[in-house]
Each structure stands twice: as C-alpha cells, then as structure tokens.
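Undergrad: Show me how the following folds:
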Amino acid sequence: MSVDPQKILRDLFDTAIAAAHPRQVLEPYLPADRSGRVIVIGAGKAAAAMAEVVEKSWQGDVSGLVVTRYGHGANCQKIEVVEAAHPVPDAAGLAVAKRVLELVSNLNEEDRVIFLLSGGGSALLALPAEGLTLADKQQINKALLKSGATIGEMNCVRKHLSAIKGGRLAKACWPATVYTYAISDVPGDLATVIASGPTVADPSTSAEALAILKRYNIDAPKAVIDWLNNPASETVKAGDPALARSHFQLIAKPQQSLEAAAVKARQAGFSPLILGDLEGESREVAKVHAGIARQIVQHGQPLKAPCVILSGGETTVTVRGNGRGGRNAEFLLSLTESLKGLPGVYALAGDTDGIDGSEENAGAVMTPASYARAEALGLSASDELDNNNGYGYFAALDALIVTEPTRTNVNDFRAILILETAQS
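TA: Numbering: from 1, shown residues only. Okay, the predicted model is just below:
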C-alpha cells in the first residue's frame, strides 16, 4: 500500500473537526417555529460560529450576545460577539458575563432565549459569586489547571464559585423559555459538566467542591472557603421550578467525530479501532496506547495492520516542570518515549478547537523517525517529559500542527496509524 501516513492522519483530524462544526450540526435542532423575537446568548469556543448559524436560519427578529475565546470570532451581523480569555478568565469575560445576565433578566413567558454552549464556556462566562473577585477565580483556575484535576472536578469548583453557572443562568431567564444547544467537549457528555452547566440542574455540592480543593492541595483564598461553607453557594437542583421551561439539546459530541474519522479510515484502507472518550494523565494514557500499538505490530492483536487506533476525551497534565506543552503534546511525547521508534507506527494528537492548552498549535505528529531525530538534536524524550516540554520537543522536529481556531470543540482527538511491516 503506497500511502502518505502523515497526510492520512491529518485527513482524519480534519474529518473529526468537520463532523462537529456548527454549520454541520446546529440548524436541524433549532425550533420549528423560527418566527418572532428570539434572544441569543452563548459561551464557548464554538459560540460565534453557532451564532452565525442561528442568524442565517432565524426568520424573525434576532439579537443577542455571545462570548468566545480571543481569535475564535465569526462574522455575525445581529448578534454581538465578544472575545475573552481562556483557560484563565479575564476582565473581558467578567464584563460580558454581567451583560449576559442583564440581557436575560426581566423576561416574560412569551420570550424565547437560545443559549449556545460549547467547551471553554466556564472560563469565558466568568461571573464570580457574591463576595468573590475575579482575582479569586483566576487564582483557583490556575491552580486547578496545574493540579491534574479532571474537567468534571474543575467544573464542580467553578460552578460553586459562580453567579451564572450550575443552573443559575436558567433561573435568571425565568419565566422565559430557554433552548440550550450544546457541543460536548467532556467525557460522558454530561450536561452538568459541559461549560459548568449554566442552564441545567446540578447534582454536585459545595461540600464536594471543598473536598476537591483539599484533594489537590489548592491554596484557596479565605473568601473562597468562606463562600463554599455558606449555604448560598449551593447550585440549582433538580425540581427547581425555574428549570421547568429550560430545554437542553446535545447537538455534537466526541463520539460522532470519532465515528466520522473511522469511516474515513476505512475508505483509506485502514481498519479502525475506536477506544472512545478517555480520561487520566496524558503520559499514562499514552503508555496504554503504546501497549496496544505494540501488540498489533508484534502479534496482530486485537486487529491486524494496516489499522488505526482512534480515541478522544480530555486527559490531564500534572505540571512538574517548566516546559511548554499541552495535553496532546504531552501524550505524544510519552508515546514517543514508550515506542522508541517502533517501525510502522505514526501518530497524531490534537485538540479539535485548534489550541492545545494555551499554545498556538492544535497538537503534533509523531513518526517512527521522531525518537532518533530528536536524539540527534540532543533532545531526550524522557528528560523533556520530566519538564512537560512536549511543545518544545515537537517544535524542534518541525512536527507541530497549526490549524488556527476551528470554531468548534469536541476536545482531544488521537489517531495512531499502524502500517504493515516485516514484524507484523
């Protein structure tokens, strides 16, 4: 089989992104009656692209306000798009969150609100709870991002420190009808976790948020601890009348993108193995992937080459060093260290939003030659992994993937391509 492995990997990545783009997935879910006035609000890396779809599809009066990450805007004419910081909130996110809350206050039963939600919404829609400051939230956010906490754990804390998340936005909209359309970027696609669930009931508790801070040794400001011990910090729970007219619809999820990539792989002549949404430390998840790849190369199990292993989800990185590198770069660096140039094995790992952590790259590509090429440059995969320097490692190999913002987000995408070799 004459193939270009890196092109195939990039085609799979592009296919996964396209399958989750708002222009592909949102319009069919919008209300059948698209006449009359609608207020559109939104938060997340896909918010502006989603707003653009609503503008083009709605026949009645449409207005509103959405917030997205810097550089992720879209050409909206009627819905205002504001850009703010992610993953650590900034003053712009605070200001727009206040405006969103004001926009949906004092509505009546005849009003309709469309809420466009996607990954990144937690940081972008940053409105601290009573008695807390933006600096408090920034401090907690930074500490959680470095701690190795899962996205569910991080969002549990964020919800209880917020005046807008954990169902509070739906409560502010009452008695208007709220339609939430969400693109999932979390393992399990839980509505309560996606962008911290601003319009759905929240089962987590303030006590759990406190326990998470303790578990990861987060040095929280006194105001944060005092607030979480205050009954007023509790989020909106199931059965609250304010949620009776709030409707939630998932319009895209990671599994759809993995399945689209699997179809593309079959068309290219590769048997796909979908491992699904995964969590855990990036370097440890990589070791498991390496073990599967090695088993395929050496024993033809659980499937024979040529094939591709596909997985998604959101891994975590416990920061130990001072290097540059997001989850996907760390995954690939650990994979490179584990495989040490195993013949016939190529891999891509990238974030479907186009941003791996806080860097400008979406991810990177590993080839069988990566390990030896880096060694020739004086780079030790093991040492760079100790320093969390996946970005630097793959930048030196000119192997970073730069897509620019994709304006969607179904989280990480990983593909390990295994060709037939003399071993297999």
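Undergrad: Which parts of the stretch 151-300 of the chain are strands?
TA: Per DSSP state E, counting those that start in this stretch, the stretch 151-300 of the chain carries strands over the ranges 177-183, 246-252, 271-278.
Undergrad: And the contacts of the longest one?
TA: What it means is strand 271-278. Contact partners of strand 271-278, identified using CB atoms under 8 Å, 6 or more residues apart in numbering, comprise 187-188, 254-255, 258-259, 261-262, 265-266, 285, 289, 292, 302-304, 306-315, 411. To be clear about C-beta, it is placed using only N, CA and C from the backbone, and glycine gets the same treatment.
Undergrad: re earlier: buried deepest among the strands of the stretch 151-300 of the chain, which one?
TA: Stretch with highest mean neighbour count among the strands of the stretch 151-300 of the chain: strand 177-183 (a mean of 25; mean count of other CB atoms under 10 Å).
Undergrad: related to what we said a few turns ago, closest one to residue 105 among the strands of the stretch 151-300 of the chain?
TA: strand 177-183 (13.2 Å; CB to CB).
Undergrad: That closest one pairs with which strands?
TA: strand 112-117 (parallel), strand 246-252 (parallel) (DSSP bridges).
Undergrad: Check which residues of whichever helix or strand comes after the first one are buried.
TA: It refers to strand 112-117. For strand 112-117, the succeeding helix or strand toward the C-terminus, using DSSP states H and E, is helix 121-124. Neighbour counts over helix 121-124 (16 or more other CB atoms under 10 Å) mark 121, 122, 123, 124 as buried.
Undergrad: And helix 121-124, how far out from the chain middle?
TA: 11 Å (CA atoms, centre = their mean, to the nearest Å).
Undergrad: Averaged pLDDT, it. What do you get?
TA: For helix 121-124, mean pLDDT is 93.
Undergrad: can you check stretch 198-212 too?
TA: So the average pLDDT for stretch 198-212 ends up being 98.
Undergrad: Kindly export that stretch (C-alpha atoms) in CSV.
TA: What follows is stretch 198-212, C-alpha atoms only, in CSV (Å, rounded to 0.1, in the frame of the first residue of the first chain):
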residue,chain,number,x,y,z
PRO,A,198,-25.4,27.2,33.3
THR,A,199,-28.9,26.1,32.3
VAL,A,200,-29.3,22.6,33.9
ALA,A,201,-29.8,21.2,37.4
ASP,A,202,-26.6,20.5,39.2
PRO,A,203,-26.2,17.3,41.4
SER,A,204,-22.8,18.3,42.8
THR,A,205,-22.5,20.1,46.1
SER,A,206,-20.4,22.9,47.7
ALA,A,207,-19.0,20.2,50.1
GLU,A,208,-17.7,18.3,47.1
ALA,A,209,-16.1,21.5,45.8
LEU,A,210,-14.3,21.9,49.1
ALA,A,211,-13.2,18.3,49.0
ILE,A,212,-11.7,18.8,45.5
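Undergrad: buried residues in that stretch?
TA: Neighbour counts using 16+ other CB under 10 Å place 198, 199, 200, 201, 202, 204, 205, 206, 209, 210, 212 of stretch 198-212 among the buried residues.
Undergrad: before we move on, what about stretch 45-57?
TA: Buried, per 16+ other CB under 10 Å, within stretch 45-57: 45, 46, 47, 48, 49, 50, 51, 52, 53, 54, 55.
Undergrad: export the residues you listed to CSV and tack on distance to residue 109?
TA: Formatted as CSV, the buried residues of stretch 45-57 follow (distance: CB to CB, whole Å):
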residue, distance to residue 109
45, 33
46, 30
47, 26
48, 29
49, 30
50, 25
51, 24
52, 29
53, 26
54, 22
55, 25
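Undergrad: got JSON lines for these, with secondary structure too?
TA: Compiled in JSON lines, the buried residues of stretch 45-57 are given as follows (DSSP: H, G, I helix; E, B strand; the rest coil):
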{"residue": "45", "secondary structure": "coil"}
{"residue": "46", "secondary structure": "coil"}
{"residue": "47", "secondary structure": "helix"}
{"residue": "48", "secondary structure": "helix"}
{"residue": "49", "secondary structure": "helix"}
{"residue": "50", "secondary structure": "helix"}
{"residue": "51", "secondary structure": "helix"}
{"residue": "52", "secondary structure": "helix"}
{"residue": "53", "secondary structure": "helix"}
{"residue": "54", "secondary structure": "helix"}
{"residue": "55", "secondary structure": "helix"}
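Undergrad: That'll do, ta.
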